[in-house]
Structures are given as C-alpha cells and as structure tokens.
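**Q** below are the sequence and a predicted model; questions follow.
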There are 2 protein chains.
Amino acid sequence: MKTSSNLLSLFMKLNKLHAAIFRKLLDNRVTMPQYFILKQIHEEPKTIGDISKAIDLSYSTVSGIIDRLEREQLVERIRDRHDRRIVWIRATEKLDHYKQKTMERFQTEIYEGLDQVLSGEQIENTEKTLQTIITYLEKKVE
Amino acid sequence: MKTSSNLLSLFMKLNKLHAAIFRKLLDNRVTMPQYFILKQIHEEPKTIGDISKAIDLSYSTVSGIIDRLEREQLVERIRDRHDRRIVWIRATEKLDHYKQKTMERFQTEIYEGLDQVLSGEQIENTEKTLQTIITYLEKKVE
DNA sequence: AGAAAATATTTCTTGCGCGAAATATTTTCA
DNA sequence: TGAAAATATTTCGCGCAAGAAATATTTTCT
C-alpha cells in the first residue's frame, strides 16, 4: 500500500523537473507546453483541434497557449477560407529563426543524454509499467 | 532518442489522470494537492514550512492552497504565541467529520488496488528508473 | 429553404505552481 | 541596545489546465 503511492509522488516530482529543464534550456523564452505546440506546427500549419488531440490538452488550454505564442509573434492564427470555423496555426518567420538556433539543439541535448543513462530494457519495462498504471487509473475515472 | 521522450509524455499523462482520480473519488470537493496537505495536518498541526518541505511545493503555492482550504473551513491558521512569524495549520472539526467519511476509504481504494495490479518487482524497478531520471534531470537544471 | 444538430473555437471561472518582492518578526552581533 | 541578518509567511504576476457556457459557422434533414 505504501509502495505504489511512492511511485506516484515520484511522477509528480519528475514532471516538475521536466518542465523546469525546458524553461532553462530554452532560455526562459518558451515553456514546455509552448514547445510541444511549436513542434506540432513547425513543419506545417495545424488546427487547434489537431494540436489538442496530438498533445492531449483541452481546446481551451491550447487556445490560451496559442494566445501567448501569438503575442510573442512565434505563430499566427489564420481563418480557413472554406470553413470559417477552422483556425490554422502557422509558424511565423520569427519562429523559423528561433527554431534553427535553439529548438533542435535542445531536443537532442535532453533526450539523447537521457537515453545514455537508461538501458533499453529499463525504458521498455518502465513504459510497460506506466501503461499498466494508466490503464488502471483510466478505469477508475471511467 | 525517441524512446525516453515517449517515457516523459507518459509521465505527464499519468499525472493528469492521477489528479482527476482524486477529484472524482473525493466527490469533487477536495483536489489532489489539497488532499496531500490535509493528510499532512490531520494528525497534528504543522507549519507552512513543514508542509512545503514534506510535499515538495513552494511556500507560496502551499499558502494559496491553504487559503482555499480555510475558505472551505477545513483548516485554520493559528499564529504561534512565542514566535509570531510562525503559522500553524490545524484541522477543523469539519475536517474531522469529512475525514471519517471520505478520506480513509479513498486512500485504500486507490493505492491498494494499484498494488494488486503491479508486482513488487515492477514497482521496485520502476522506482529505480525514475530515480535515475530524476537525478539526471536535476543535474541538467543545476 | 429554414430549423435543428453538429462542429470548431473562444471566453470565463477556478485552482494549481513558481519566483521575486514585500511584510512581519526574531536572532545575532558589533 | 540597536542595526543588520536571518527566518517565516504572504502577495503579486505570470503561465498552465480543465470544464462549462458562449459564439460562430457549417451540415443535416424535413
């Protein structure tokens, strides 16, 4: 009974660290959720809906993050010509610039380093355990 | 490179689920961080500082959560007589009532169930991996 | 065509969560 | 003793994150 409760508090600690790393490595200019969204749209424009599903955040949350990214002029909102309900989120030139400088370096720096610390087996087993927990918790929420 | 990045997104999913469960099982009356704080103080009063360290949240965050718990009259703030910088957080009668009804049932319902789904070995290994990742990330943040 | 249903997004309200600055009090020490 | 340092907490500003309600538009269906 004490054991798995420990596990869950480790998860929380980890998430906070993860977010902190993002901020630091991205020069405090882009947050973790902002980064995830930028990664989604930097190749081609996507709708808010696409993005929400891809990164598993609610529409309203994504909409709010886009507000801030738009304010920083890293992305822009474009209404679809044919279906005016749809809003396309598109990278700006400023993002293209930024991307070259920071985002790619970052991606490798954090995850490749982590892959060296963990064995393939460890990653695999942990992934499996996490999936089990997720499935269990999902059943609990309905 | 793709592998451990997957792992980190699983952590995020898990945390969200975890928080959702708390809300649901606690009848939408107490949130997860609120629950952690209530658990800290339900035996004996603690200071904001004690609580912050125990659950690893900043003073300001804990102070805010206490505000809301106080509003719901589940806890109260008591100034220390001898050192007036210190604020003791104390359970109210309302919390005692609430505790009997909900909190204990909850504690067993979620974690004991999880312990049945996971093997001891799985928990142990996962805990070890998480610690490795945490140590790695901590070094990255400095 | 026109009402009703469906779809896409935004707005609003609530609750974390942090760091920095502000406030209050106590301790230290010159 | 009285200024300075240390300690404990709160306040402020910012950015998530969610659900519910509002808005805008398109599709469906009679």
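**A** Nice, thanks for sending it over.
**Q** from memory residue A:92 sits against residue A:69, does it?
**A** No. Using Cβ atoms under 8 Å, residue A:92 makes no contact with residue A:69, being 9.3 Å away. All C-beta spots, glycine's among them, are computed from the backbone N, C-alpha and C.
**Q** overlap in contacts of those two?
**A** Residues touching both residue A:92 and residue A:69 (Cβ atoms under 8 Å, 6 or more residues apart in numbering or on different chains) are residue A:75.
**Q** looking at those two, which has the bigger crowd around it?
**A** When neighbours are counted by other Cβ atoms under 10 Å in any protein chain shown, residue A:69 comes out ahead of the other of residue A:92 and residue A:69, with 24 against 15.
**Q** who in chain A is up against DNA strand D?
**A** A:31-34, A:56-61, A:64-65, A:68, A:82-85 (Cβ under 7 Å from any atom of the strand).
**Q** can you select the buried ones among the residues you listed for me in PyMOL?
**A** The buried subset of the residues of chain A next to DNA strand D, as determined by 16 or more other Cβ atoms under 10 Å in any protein chain shown, is captured in PyMOL by this line:
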select buried, chain A and resi 31+32+33+34+57+65
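**Q** intersect the residues of chain A next to DNA strand D with the contacts of chain B.
**A** Under the cut-off given by Cβ under 8 Å from any Cβ of the partner chain, chain B has residue A:56 from the residues of chain A next to DNA strand D close to it.
**Q** for chain A, which helix or strand comes out least confident on mean pLDDT?
**A** helix A:104-117 (a mean of 82; mean pLDDT, DSSP states H and E).
**Q** quick check: buried residues in that one?
**A** Buried residues in helix A:104-117, defined by neighbour count with 16+ other Cβ under 10 Å: A:106, A:110-111, A:114-115.
**Q** now these in JSON lines, with distance to residue B:7?
**A** Shown next, in JSON lines, are the buried residues of helix A:104-117 (distance: Cβ to Cβ, whole Å):
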{"residue": "A:106", "distance to residue B:7": "17"}
{"residue": "A:110", "distance to residue B:7": "12"}
{"residue": "A:111", "distance to residue B:7": "9"}
{"residue": "A:114", "distance to residue B:7": "8"}
{"residue": "A:115", "distance to residue B:7": "10"}
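**Q** just those residues now: which is nearest DNA strand D?
**A** residue A:106 (15.7 Å; Cβ to the nearest atom of the strand).
**Q** my guess is residue A:90 is in a strand, correct?
**A** Yes. Counting by DSSP: H, G, I helix; E, B strand; the rest coil, residue A:90 is part of a strand.
**Q** per-residue confidence for it?
**A** Listed pLDDT for residue A:90 reads 98.
**Q** residue A:9 now?
**A** 84.
**Q** and it, how far from residue B:134?
**A** Separation of residue A:9 from residue B:134 (Cβ to Cβ, to the nearest Å): 11 Å.
**Q** who touches the residue most central in space within chain A in this structure?
**A** In chain A, the residue lying closest to the centroid (Cα atoms, centre = their mean) is residue A:36, at 3.2 Å. With contact taken as Cβ under 8 Å, 6+ apart, residue A:36 is in contact with residue A:55.
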